[in-house]
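Q: based on what follows, work out the 3D shape:
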Amino acid sequence: MPQPSLRALRAFEIFFLPWMRRRIEAVRLAGLPAALPDAPLLVVANHISWWDGFTLREIHRRLRPRAPLRVVMTERELRQNRVLGWIAAVALDPGSPASVLRTFRGLRRLCHERPDAVVLFFPQGRIWPSHRRPLGFARGITTLARMLAPVTVLPVALHIEPLATLKPTLFASAGSPLPFDRDEHASLVDLETAVTAEADALLAFLAAHGEGSGRAWPDEFDRLPRAQVPTDPTLATGARRAKAGRAREN
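A: Okay, the predicted model is just below:
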């Protein structure tokens, strides 16, 4: 696995971060855990924009700023943004089992060498709106969780909104950390449901506060209020189908 260039990392901190912060209004975080087990951290999030990796980088900065960071990307994405490979990105080809296994093994070696490592993963595989239901996670996330175990999975929901400014605000809401031991198996439904619950809470908060969402946003270590909607993605889809069926009957 390619090692990030320390020179590129320093250049990123010096030049790119100011550039980024001039182009966004703010990064709003919520639900961050006050403490984490001594195990690698696998951050699992929905994929809604080009900014997602940089939003999750802020979570890395808050929780484990000195830990090595890797962001899993498709080879297509990395070809379009090669500079990210110098910083923290590792590529895989979702259509090639050999490519996926090679990348996952490299991440496992890193986590064995550095148990504080942070890995960012977007199981949707491509960009979708944050209101998409079900989110549509691919099974590769459960394979990665098993290979990195013991590991702590942090489910995170992402959303981007311009609100009352020209520049967008990046929102991220973290759920409760999910520890996985070697004898446990990460459930795809459980992981997707956890991220869906945070996405529902985030969208409900924005719907309640509108352009005042930034002012009303909680402290980064406080949870958002829970949304009163189904959080199991299969339940949410089934409810919509049932409603559509009743409408046709009437």
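Q: tell me the bridge partners for residue 71.
A: residue 89, residue 120 (DSSP bridges).
Q: thought it was touching residue 120?
A: Yes. In this structure, residue 71 is within contact of residue 120 by CB atoms under 8 Å, at 4.5 Å. (Glycine included, C-beta is placed from N, CA and C.)
Q: what sits in contact with each of these two?
A: Contact criterion CB atoms under 8 Å, 6 or more residues apart in numbering; residues shared by residue 71 and residue 120: 53, 56.
Q: check what pLDDT residue 243 gets.
A: We have a pLDDT of 47 for residue 243.
Q: one more: residue 6?
A: So residue 6 comes in at 55 (pLDDT).
Q: please renumber the chain so that the first residue is 4 from this point on.
A: Yep, numbering from 4; the last one is residue 9 now.
Q: where is the longest helix in this protein?
A: helix 191-212 (DSSP state H).
Q: for the next helix or strand after that one, which outside residues touch it?
A: Sequence order places helix 216-219 as the next helix or strand after helix 191-212, per DSSP states H and E. The contact list for helix 216-219, computed with CB under 8 Å, 6+ apart, reads 28-29, 31, 164, 166, 172, 174, 208-209, 212.
Q: the helices in this protein, which residues?
A: 9-14, 20-26, 55-66, 78-83, 86-90, 100-116, 143-151, 191-212, 216-219, 236-252.
Q: what is the longest helix of the chain packed up against?
A: strand 44-48, helix 143-151, strand 154-164, strand 172-177, strand 181-183, helix 216-219, helix 236-252 (3 or more CB pairs under 8 Å, 6 or more residues apart in numbering; DSSP states H and E).
Q: repeat the analysis, applying 6 Å as the threshold.
A: Counting contacts by 3 or more CB pairs under 6 Å, 6 or more residues apart in numbering; DSSP states H and E, helix 191-212 packs against strand 154-164, strand 172-177.
Q: flag the shaky bits of this structure, pLDDT-wise.
A: 4-13, 81, 83-90, 186-187, 231-253 (pLDDT under 70).
Q: in it, which residue is most central in space?
A: residue 48 (2.3 Å; CA atoms, centre = their mean).
Q: can you pull the contacts of that one?
A: 125, 159, 161 (CB atoms under 6 Å, 6 or more residues apart in numbering).
Q: now with 7 Å?
A: 55, 59, 125, 159-161, 198 (CB atoms under 7 Å, 6 or more residues apart in numbering).
Q: so it versus residue 219, what's the distance?
A: When distance is defined by CB to CB, to the nearest Å, residue 48 is 23 Å away from residue 219.
Q: try residue 141
A: 35 Å.
Q: how about residue 199?
A: Counting by CB to CB - residue 199 and residue 219 are separated by 23 Å.
Q: who has more neighbours, the two?
A: Counting neighbours by other CB atoms under 10 Å for residue 199 and for residue 219 shows that residue 199 has the greater number, 27 against 11.
Q: that one contacts residue 140, correct?
A: No. Counting by CB atoms under 7 Å, residue 199 stays clear of residue 140, with 9.5 Å between them.
Q: picking that back up, how about the contacts of residue 48 in TSV, adding neighbour count and distance to residue 178?
A: Shown next, in TSV, are the contacts of residue 48 (neighbours: other CB atoms under 10 Å; distance: CB to CB, whole Å):
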residue	neighbour count	distance to residue 178
55	21	16
59	26	14
125	26	16
159	27	7
160	27	8
161	23	12
198	26	7
